[in-house]
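Just need the structure, nothing else, for what follows:
(one chain, ligands or ions: 1)
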Amino acid sequence: MARAREGSAFTPQQIAEYEAYRRRRPQMLRDIATKMQCWNICERSACRRGKTCLGDHASACISAVIRSVSEEERAIFQLALQLRIDGLDGKAAWAEASRRIARQVAAMAGLGLPAG
Ligand SMILES: [Zn+2]
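Numbering: from 1, shown residues only. Here you go, the predicted model:
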């Protein structure tokens, strides 16, 4: 296996892939923030006006949106993502995740436990 330089644990290909990812990451975060409609809560008027994430603050906007939703909504989102990874389409994943989490919440309420 070729090494980028003496003593490096990474190959030139691994380093090139990491650098490519680092270059793509800001736009990926802006795309995710825009899909999550983070512009609704963004402090920057340009984002709200354009209904899109602009600039280098997408990560902060995504975190703010995630903090603003309930524990139950976060659980649905997390499970829906897993179901998407497992192969369901977006609508089916959301519906299935909503159904499963609602069942869990009802079960917890039946036990006298707070849903979160
Ligand atoms: Zn913004």
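
residues touching the most centrally placed residue in the chain, list them.
The centroid of the chain falls nearest to residue 32 when counting by CA atoms, centre = their mean (6.9 Å). Listed by CB atoms under 8 Å, 6 or more residues apart in numbering, the contact set of residue 32 reads 58, 62. Where C-beta positions appear, they are placed from N, C-alpha and C, glycine not excepted.

where does it sit relative to residue 47, distance-wise?
Computed as CB to CB, to the nearest Å, the residue 32 to residue 47 distance reads 14 Å.

in the strand or helix carrying the residue nearest to the centre of the chain, what counts as buried?
For residue 32, the element it lies in under DSSP states H and E is helix 12-35. Neighbour-count burial for helix 12-35 flags 29-30, 33-34 (criterion: 16 or more other CB atoms under 10 Å).

next one: stretch 90-100
93-94, 96-98.

between those, which is nearest residue 43?
Nearest to residue 43 out of the buried residues of stretch 90-100 is residue 94 (CB to CB; 28.5 Å).

Residue 38 touches residue 53, doesn't it?
Yes: assessed by CB atoms under 8 Å, residue 38 is found in contact with residue 53 at 5.8 Å.

shared neighbours of those two, which are they?
Counting by CB under 8 Å, 6+ apart, the residues touching both residue 38 and residue 53 are 47, 61.

buried residues in the helix or strand of the chain with the lowest mean pLDDT?
Lowest mean confidence among the helices and strands of the chain (mean pLDDT, DSSP states H and E): helix 58-68, at a mean of 89. For helix 58-68, the neighbour count (16+ other CB under 10 Å) marks 58, 61-62, 65 as buried.

Restrict stretch 9-23 to CA atoms and write it as PDB.
The C-alpha coordinates for stretch 9-23 follow below in PDB (Å, rounded to 0.1, in the frame of the first residue of the first chain):
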ATOM      1  CA  ALA A   9      -1.000   6.200   8.400                       C
ATOM      2  CA  PHE A  10      -3.000   7.200   5.400                       C
ATOM      3  CA  THR A  11      -2.700   6.400   1.700                       C
ATOM      4  CA  PRO A  12      -2.600   9.200  -0.900                       C
ATOM      5  CA  GLN A  13      -6.100   8.100  -2.000                       C
ATOM      6  CA  GLN A  14      -7.500   8.300   1.500                       C
ATOM      7  CA  ILE A  15      -6.000  11.800   1.900                       C
ATOM      8  CA  ALA A  16      -7.400  12.900  -1.500                       C
ATOM      9  CA  GLU A  17     -10.900  11.500  -0.500                       C
ATOM     10  CA  TYR A  18     -10.800  13.300   2.800                       C
ATOM     11  CA  GLU A  19      -9.800  16.600   1.200                       C
ATOM     12  CA  ALA A  20     -12.600  16.200  -1.400                       C
ATOM     13  CA  TYR A  21     -15.100  15.600   1.500                       C
ATOM     14  CA  ARG A  22     -13.700  18.600   3.300                       C
ATOM     15  CA  ARG A  23     -14.300  20.800   0.200                       C
END
